[in-house]
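Q: Could you work out the structure for the sequence below:
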Amino acid sequence: MTETYARTTASTWRNWAGNVTARPVRAVTPASVDELAAMVRRASEDGLRVKPVGTGHSFTAAAATDGVLVRPDLLAGIREIDRTTMTVTAGAGTPLKLLNTALARQGLSLTNMGDIMEQTVAGAVSTGTHGTGRDSASVAAQIRALEMVTADGTVLHCSRTDHPDVFAAARTGLGALGVITAVTFAVEPVFLLTAREEPMTFDRVTADFQQLVAENEHFEFYWFPHTGNCNTKRNNRSAGPAAPPGRISGWIEDEFLSNGIFQIACSVGRAVPGAVPALAKLSSRALSARTYTDIPYKVFTSPRRVRFVEMEYALPREAAVEALREVKAMVERSPLRVGFPVEVRTAPADDITLSTAEGRESVYIAVHQYRGAPYRAYFTAVERIMTGYAGRPHWGKIHTRDAGYLAGAYPRFGEFTALRDRLDPGRLFANDYLRRVLGE
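A: You can find the predicted model right below:
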């Protein structure tokens with residue numbers, strides 16, 4: 001299996017995509033919450049900043065530090081499953097894939113999840129990881145309680161009834177309020193989803209977009225730039241029976257075509273940019289229609305072995321089609337060569353202070369480029385379009401917005417920064433990224 005984690009040596013840390021590097025003074029791996037609290041107090045005494053880091057799947061420098069890098073590897077595993085309240089509490093360093101498989105063995109499941117599961121639970125919620133859903137929201141929206149170590153070394157527990165102001169903000173806290181040590185999620189009995197994957201033209205999917213969202217519990221699609229082709233996916237609950245993809249056919253679709261052949265196409269496109277439009281046409285026709293039924297994490301998530309960089313913006317859902325058409329027109333009239341599909345997902349409004357879906361039904365438009373291929377001109381052009389629709393950038397993905405812009409994009413931005421002033425007045429958890437997006 002291709003290694004999917006960020007790397008740390010004695011002096012250098014790199015994220016999964018390889019576009020962010022940091023040189024911490026020291027890296028620590030606490031074995032308990034009390035040990036972490038002591039490490040936080042020591043860092044403060046030494047005048048060093050503190051940043052926790054998961055598996056490095058953020059494309060921003062949200063976790064980068066020149067101080068103390070905290071690895072939560074030993075703060076992992078399921079602490080408790082409560083079938084009365086239907087919750088599960090997991091250590092901050094628990095990978096989502098471990099959480100999902102452990103829940104499945106217990107006959108339980110999260111309601112919704114993103115499309116990869118390599119991240120730690122704390123890293124995923126802190127940056128606003130989401131999937132797609134008409135009614136079910138992000139991973140963070142499924143949190144029922146949090147445990148975290150604050151700047152003075154205090155272990156703080158929060159929920160809707162216990163420190164509710166902290167709970168509202170820390171569910172997507174960007175690592176700015178403290179170090180999360182455990183997360184309690186709402187769960188439900190495991191269920192089946194039927195996935196229907198189907199090619200569709202760009203014109204049709206944009207014309208029918210609102211209807212497709214309304215008619216399906218989970219709808220998403222990928223548009224292949226330089227073509228009029230899309231691949232759609234509709235996930236809906238099913239009474240069964242389970243009918244997972246066959247071992248051979250599933251390997252062909254998910255590994256051979258989506259990863260192996262696509263990796264080759266991306267490598268060729270990076271070396272010969274003029275070949276990208278032709279390769280895009282081939283890629284957009286490679287995947288055929290299929291339907292299968294399985295437990296949630298096996299439907300929601302997919303292996304991602306081809307490395308890339310990504311930018312994603314959340315827009316008001318009603319702006320989706322107009323914004324997408326602008327992106328398509330921009331690519332067609334430009335000299336850009338874009339080898340990666342554009343991903344489109346949705347989410348209902350939520351009440352998390354700095355969630356990209358806070359207070360509004362949202363559509364997510366994500367653009368990618370193969371690692372090592374030029375991306376800045378493309379991302380800059382797309383970002384200009386997204387900000388024209390009051391777009392909110394994904395906290396863990398490349399963007400150039402600062403606190404001045406974000407204060408206008410988030411009605412509760414001041415609420416978050418005031419809480420930060422109270423919990424971390426000395427900015428123990430600050431770094432360059434947080435200074436840009438939250439201010440000093």
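
Q: from what I can see Glu383 touches Tyr405, true?
A: No - at 10.6 Å, Glu383 and Tyr405 do not qualify as touching, with contact defined as Cβ atoms under 8 Å. C-betas here are computed from N, CA, C, even on glycine.

Q: the more surrounded of those two?
A: Glu383 (19 against 16; other Cβ atoms under 10 Å).

Q: residues in contact with the residue nearest the centre of the chain?
A: Compute the mean C-alpha point of the chain, and by Cα atoms, centre = their mean the closest residue is Thr129, 3.1 Å away. Applying Cβ atoms under 8 Å, 6 or more residues apart in numbering to Thr129 gives the contacts Gly114, Gln119, Ser138, Val139, Ala140, Gly396.

Q: Tell me how many other residues surround the last one.
A: Neighbour count of Gly396, defined by other Cβ under 10 Å: 23.

Q: before we move on, what about the first one?
A: Neighbourhood size, Gly114 [other Cβ under 10 Å]: 19.

Q: Could you say which helix or strand holds it?
A: When secondary structure is defined by DSSP states H and E, Gly114 falls outside every helix and strand.

Q: you'd agree it is up against Ala140?
A: No - with contact defined as Cβ under 8 Å, Gly114 does not count as touching Ala140 (10.8 Å).

Q: what residues are shared contacts of the two?
A: Common neighbours of Gly114 and Ala140, counting by Cβ under 8 Å, 6+ apart, are Ala124, Thr129.

Q: Check which element follows whichever strand or helix holds Ala329 along the chain.
A: Ala329 is located in helix 320-333, with elements delineated by DSSP H and E. Stepping forward along the backbone from helix 320-333, the first helix or strand reached (DSSP H and E) is strand 342-347.

Q: quick one: strands adjacent to that next one?
A: According to DSSP bridges, the neighbouring strands of strand 342-347, each with its direction, are strand 218-223 (antiparallel), strand 362-370 (antiparallel).

Q: Check which helices and strands the helix holding Ala329 sits against.
A: Applying 3 or more Cβ pairs under 8 Å, 6 or more residues apart in numbering; DSSP states H and E, we find helix 320-333 packed against helix 202-207, helix 209-215, strand 342-347, strand 362-370, helix 376-387.

Q: at 10 Å what do you get?
A: Packed against helix 320-333, as judged by 3 or more Cβ pairs under 10 Å, 6 or more residues apart in numbering; DSSP states H and E, are the following elements: helix 202-207, helix 209-215, strand 218-223, strand 308-316, strand 342-347, strand 362-370, helix 376-387.

Q: model confidence over the fifth one, on average?
A: Regarding strand 342-347, the rounded mean pLDDT is 98.

Q: Which parts of the protein belong to which domain?
A: 78-189, 192-393 (automatic domain parsing).

Q: Turn those domains into JSON lines, columns for distance to Ala17.
A: Compiled in JSON lines, the domains of the chain are given as follows (distance: least, Cβ to Cβ, whole Å):
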{"stretch": "domain 78-189", "distance to Ala17": "12"}
{"stretch": "domain 192-393", "distance to Ala17": "5"}
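
Q: quick one: the strands in the stretch 151-300 of the chain?
A: Listed in chain order, the strands found in the stretch 151-300 of the chain under DSSP state E, counting those that start in this stretch are 155-159, 179-186, 188-189, 192-201, 218-223, 229-238, 290-294.

Q: Turn those into a markdown table, columns for mean neighbour count and mean pLDDT.
A: Converted to a markdown table, the strands of the stretch 151-300 of the chain look like this (neighbours: other Cβ atoms under 10 Å; pLDDT from 0 to 100):
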| stretch | mean neighbour count | mean pLDDT |
| --- | --- | --- |
| strand 155-159 | 17 | 98 |
| strand 179-186 | 24 | 98 |
| strand 188-189 | 12 | 98 |
| strand 192-201 | 17 | 97 |
| strand 218-223 | 23 | 98 |
| strand 229-238 | 19 | 97 |
| strand 290-294 | 17 | 96 |
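
Q: just to revisit the earlier point, my impression was that the residue nearest to the centre of the chain belongs to a strand - is that right?
A: No - following the definition DSSP: H, G, I helix; E, B strand; the rest coil, Thr129 is coil and is not counted among the residues of a strand.

Q: Just list the residues touching Asn236, thanks.
A: Residues in contact with Asn236 (Cβ atoms under 10 Å, 6 or more residues apart in numbering) are 134, 192-196, 215-219, 293, 299.

Q: where does this protein dip in pLDDT?
A: Within the chain, the ranges that satisfy pLDDT under 70 run 1-10, 251-252, 256-257.

Q: Kindly recompute the last result at 90.
A: Scanning the chain for pLDDT under 90 picks out the ranges 1-11, 245-266, 279-288, 302-306, 440.

Q: Using PDB, write out every CA atom in stretch 200-208.
A: Taking only C-alpha atoms (Å, rounded to 0.1, in the frame of the first residue of the first chain), the coordinates of stretch 200-208 have been written out as PDB:
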ATOM      1  CA  MET A 200     -23.500  12.400 -17.000                       C
ATOM      2  CA  THR A 201     -22.900  15.500 -19.200                       C
ATOM      3  CA  PHE A 202     -21.900  18.800 -17.500                       C
ATOM      4  CA  ASP A 203     -25.000  20.400 -19.100                       C
ATOM      5  CA  ARG A 204     -27.300  17.900 -17.700                       C
ATOM      6  CA  VAL A 205     -25.900  17.700 -14.200                       C
ATOM      7  CA  THR A 206     -25.900  21.500 -13.900                       C
ATOM      8  CA  ALA A 207     -29.400  21.800 -15.300                       C
ATOM      9  CA  ASP A 208     -30.700  19.100 -12.900                       C
END
